[in-house]
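Enquirer: Provided below for reference: sequence and predicted model.
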Amino acid sequence: MSTVAEFQQSLSRSDTESTVTTPETFASTLTDVVDRPAVGAALPFDSVDLEDAPVTLNPTPAQLHEAKTGVTAARLGVASLGTVAIQSRAAGDELVSLHPKTHVVVVRECDLRPDLEAAFDWLNDRFDDGERSFILATGASATGDMGALVEGVHGPENVHVLVLADDE
């Protein structure tokens, strides 16, 4: 099974939708999954951006509060778990990923790792480079510490991952 297929299978186990897209189809795919109003953090990728997307970059607190969807990049995906790593950057990734009801995550195929061991190796390299703040997220926010499982308490109720396919 390919890394992308395993990642998508793991995402589906946590009720997380996913779509594989290309740089050429990214804009239309993103538009299809975003519920407006939407906010976003600039994507750190060369092949795609949010400049022409139906997404407000650098949102004000009011725009963040009103947003139904937040769009951010993931710097890493763990195929065996369906986990993504969101870097806390000045672009606002952390707030944009946690506040709106729906979080759309963009991760490049080349940033997928097969398992947690490979992910920890990647994180160790980032830590050695001075990068220190990442949120590891698997599916929608959920808590069961007060009884029945409740989703969306500490973050998004829904997550949709867009896997940006590598150029062949």
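Expert: Nice, I can see it. Numbers count the residues shown, from 1 in each chain.

Enquirer: So the closest residue in space to residue 98 that isn't next to it in sequence: helix, strand or coil?
Expert: Excluding its sequence neighbours, the residue lying closest to residue 98 (CB to CB, 6 or more residues apart in numbering) is residue 155, at 4.4 Å. Where you see a C-beta, it was placed from the backbone N, CA and C, and this is true even at glycine. Assigned with DSSP: H, G, I helix; E, B strand; the rest coil, residue 155 falls in the coil class.

Enquirer: Residue 155 and residue 88, how far apart?
Expert: Residue 155 sits 14 Å away from residue 88, taking CB to CB, to the nearest Å as the criterion.

Enquirer: Which positions within stretch 111-120 qualify as buried?
Expert: 111-113, 119 (16 or more other CB atoms under 10 Å).

Enquirer: Look at residue 155 and residue 88 and report which has more neighbours.
Expert: residue 155 (21 against 16; other CB atoms under 10 Å).

Enquirer: Next one: the more buried one from residue 70, what distance?
Expert: Applying CB to CB, the value for residue 155 to residue 70 is 10 Å.

Enquirer: next one: residue 97
Expert: Relative to residue 70, residue 97 is positioned 6 Å away (CB to CB).
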